[in-house]
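Peer 1: below: sequence and its predicted model.
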Amino acid sequence: MRPRVVAFKTLKTQDGTLIGLFQGNRGMRPDLDFVIKILIPGNNKKLRPPTHTFWVVDLLLKIPQFRNEVREIVQYYIDYYARTNPFSSVQERNSYQLETVEEITTRYAQIEQPYTLSLDYVATVIELFCKNEKINPGAYMFRDLLFTLRDYIDGNKHYTEVLQAAMPGYR
């Protein structure tokens, strides 16, 4: 049996999903790396990493009714990605307070829909993925996924290209 690993930070979304940040071991600063795992509410659920496909498909589902709002959210995170800095210490990482979620959930509350992910979940994982990728200079997969999604919204990519870009190991 593997030893139990405890999250150094746990966040809870409006729908009860737990988002745990666990110590990672990759990249140029493995001490700052973190792994995100989620636990969705319900019986017999297991802790698992959230694939990019979860939040990408969620935003794709919202586009027919809320194209402009989803475009603004994606652009917001492209801009956030460009200006955010990586964590400089383990203490900073461990005590980090989310910077974007309240603004996104307040400004775009109207796009919440039943049977989809909560907007605070989507905003939380996007923000955390932005921060985590910034730890490794030259990393670009997550940033490029945001660009691909924006290009789809603008009519310049096919939705299958967005789904492909969201798959693990995509280059």
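Peer 2: Received the coordinates, thanks. In this text the structure is predicted, and so the values were computed from the model without any measurement. Numbering: from 1, shown residues only.
Peer 1: may I see the buried residues of the longest helix seen in the chain?
Peer 2: Ranked by residue count under DSSP state H, the longest helix found in the chain is helix 52-83. Using 16 or more other CB atoms under 10 Å as the test for burial, helix 52-83 gives 52, 54-60, 62-63, 66, 69-71, 73-74, 76-77, 80-81. C-beta coordinates here come from the backbone N, C-alpha and C atoms, glycine included.
Peer 1: equivalent analysis for stretch 24-40, please.
Peer 2: By 16+ other CB under 10 Å, the buried positions in stretch 24-40 come out as 24, 27, 29, 32-34, 36-40.
Peer 1: which ones among the residues you listed map onto strands?
Peer 2: Among the buried residues of stretch 24-40, DSSP state E puts 34, 36-39 in strands.
Peer 1: SS state for residue 98?
Peer 2: Three-state assignment for residue 98 (DSSP: H, G, I helix; E, B strand; the rest coil): coil.
Peer 1: contacting residues around it?
Peer 2: Contacts for residue 98 (CB atoms under 8 Å, 6 or more residues apart in numbering) come out as 11, 123-124, 127.
Peer 1: now with 10 Å?
Peer 2: 11, 104, 120, 123-124, 127-128, 131 (CB atoms under 10 Å, 6 or more residues apart in numbering).
Peer 1: taking these, tell me the two that lie furthest apart.
Peer 2: 120 and 131 (16.3 Å; CB to CB).
Peer 1: wait, isn't residue 141 in contact with residue 52?
Peer 2: Yes - applying CB atoms under 10 Å, one finds residue 141 in contact with residue 52, separated by 8.9 Å.
Peer 1: OK, contacts around the spatially closest residue to residue 136 that is not a sequence neighbour?
Peer 2: Nearest residue to residue 136, sequence neighbours excluded (CB to CB, 6 or more residues apart in numbering): residue 27, at 4.2 Å. Residue 27 is in contact with 33, 86, 132-133, 135-137, 139, counting by CB under 10 Å, 6+ apart.
Peer 1: brilliant, that's me finished.
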